[in-house]
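1. Structure of the sequence below:
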Amino acid sequence: MYLLKKLALGLLVSVSCIATAHAQDFMSSKDLFGSGKLLATGGVTELEGAGGGGITPWALITGYGTDRQIGASAFGTYAGTSELAVTDGGVAVGLFNRVELSFAHLNLNTGSALSQPVLNAVNHGSNNISENIEGLKVRLFGDAVYDKYVPEVSGGVLFQQSDNKTLVTAIGAKTDGETYYLAATKVLFNVLFGRDVLLDADIIGTNANQLGLLGFGSGNGSANPNNSLHAEFAGSAAVLITRSLVLGGDFRTMPMNMKSVGKASNWGDVFLAYFPMKGVSIVGAYAMLGSVAPAVDAIPGRTRNENAFYVSAQLAF
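-> Model prediction:
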């Protein structure tokens, strides 16, 4: 894992240098910071900060910059259940439709899901659990829109750091980790009653518990440590109802690192994305998160399913 992290950091430095050199070639152009891509082709922003769907990274590079432009986006997200609330925000930069750099801060408010004795014991009385996520995505080949047969394929890595060392170590996990993914995205024209359809499929390597909010792996404090990466899968399907309205859904499997704490359910959502103009998107969704609470409060026999209404807004250029 240490070697993989160093290699990924090396890749980050390399592509950043290449992109900087590339930018110097166009610095005199008034269109360097432009928005030449088609409406909605930067996607929205998923919870971990990458350009994609609500819970799934896509191969698309964020923003509306073409291969001769720099694009960027900023987003905010809220999802609330009967007991839990997730707030999320961050920024991302797309370099020449080739490289994406992102940062997100993800916060979980456990509300009544954690009892006060548990809060006092492991989180100093606070019911907030949060993490920082730094992301790198590189478009490898293909184009989701303009290539007739080959999808757009990108590889990415997320460097995740939990802010709650006391809580994470108390449940036997690590406070930092990485998530790797390979995503393929394609827009198919006029295939569903004359409507365009977007399809995405991901292979994800991770040991993150609830996207890393509850740390990574089962840790050395577990009776059966499990810190290796798990192969997980994610996918999205969406139909363009109109030029500015998209209806779709996401699905994502979750690793089973900490069975003694609680079963990690697979996640899914149904979303409606509205693009009133270039640079603005609003997403409303119904997210099915399964049994999040057992992984949070470790109450034996608890089987509550957490379903959330989800809203996200993004500004991009």
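2. show me what contacts the residue nearest to K174 when sequence neighbours are not counted?
-> What sits nearest to K174 in space, not counting adjacent residues and going by CB to CB, 6 or more residues apart in numbering, is F216, at 4.5 Å. From N, CA and C alone the C-beta is placed, and that goes for glycine too. Residues in contact with F216 (CB atoms under 8 Å, 6 or more residues apart in numbering) are 160, 162, 173-177, 207-209, 227, 257.
3. among those residues, which are in helices?
-> Judged by DSSP state H, the contacts of F216 include no members of helices.
4. I'd like the residues you listed as TSV, with neighbour count and pLDDT appended.
-> Output for the contacts of F216, formatted as TSV (neighbours: other CB atoms under 10 Å; pLDDT from 0 to 100):
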residue	neighbour count	pLDDT
Q160	24	94
S162	25	87
A173	28	79
K174	23	84
T175	19	87
D176	16	89
G177	24	90
N207	23	87
A208	30	86
N209	29	83
N227	16	69
N257	28	69
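5. Pick the one among those closest to D250.
-> Taking CB to CB as the measure, D250 sits nearest to A208 out of the contacts of F216, at 16.7 Å.
6. Next, the contact list for that closest one, please.
-> Taking CB under 8 Å, 6+ apart, we find A208 in contact with 160, 177, 179, 216, 255.
7. got it, and G54?
-> By CB under 8 Å, 6+ apart, the residues touching G54 are 44, 46-47, 250, 269, 271, 283, 285, 287, 310, 312.
8. Show only the entries of the residues you listed found in strands.
-> The strands, defined by DSSP state E, take in 44, 250, 269, 271, 283, 285, 287, 310, 312 from the contacts of G54.
9. out of those residues, what pair is the most spread apart?
-> Within these, V44 and A287 form the most distant pair, 13.8 Å apart (CB to CB).
10. Mind checking which of these two has more residues around it?
-> V44 (26 against 22; other CB atoms under 10 Å).
11. Quick check: closest non-adjacent residue to G156.
-> K137 (3.8 Å).
12. unless I'm mixing things up, the one you found is touching I61, no?
-> Yes. The criterion here is CB atoms under 8 Å, and K137 meets it with I61 at 6.8 Å.
13. shared neighbours of those two, anything?
-> Shared contacts of K137 and I61, counting by CB under 8 Å, 6+ apart, come down to 51, 99-100, 154.
14. Run a quick neighbour tally on the closest residue to A173 other than its chain neighbours.
-> Excluding the flanking residues, the one nearest A173 by CB to CB, 6+ apart is G215, at 2.9 Å. Per other CB under 10 Å, the neighbour tally for G215 reads 30.
15. now M256
-> Counted with other CB under 10 Å, M256 comes out at 12.
16. Can you pull out the low-pLDDT segments for the stretch 51-200 of the chain?
-> 82, 111-126 (pLDDT under 70).
17. Adjacent strands (with direction) for the host helix or strand of F189?
-> According to DSSP states H and E, F189 maps onto strand 176-192. Note on strand 176-192: by DSSP bridges, its sheet partners are strand 152-162 (antiparallel), strand 195-206 (antiparallel).
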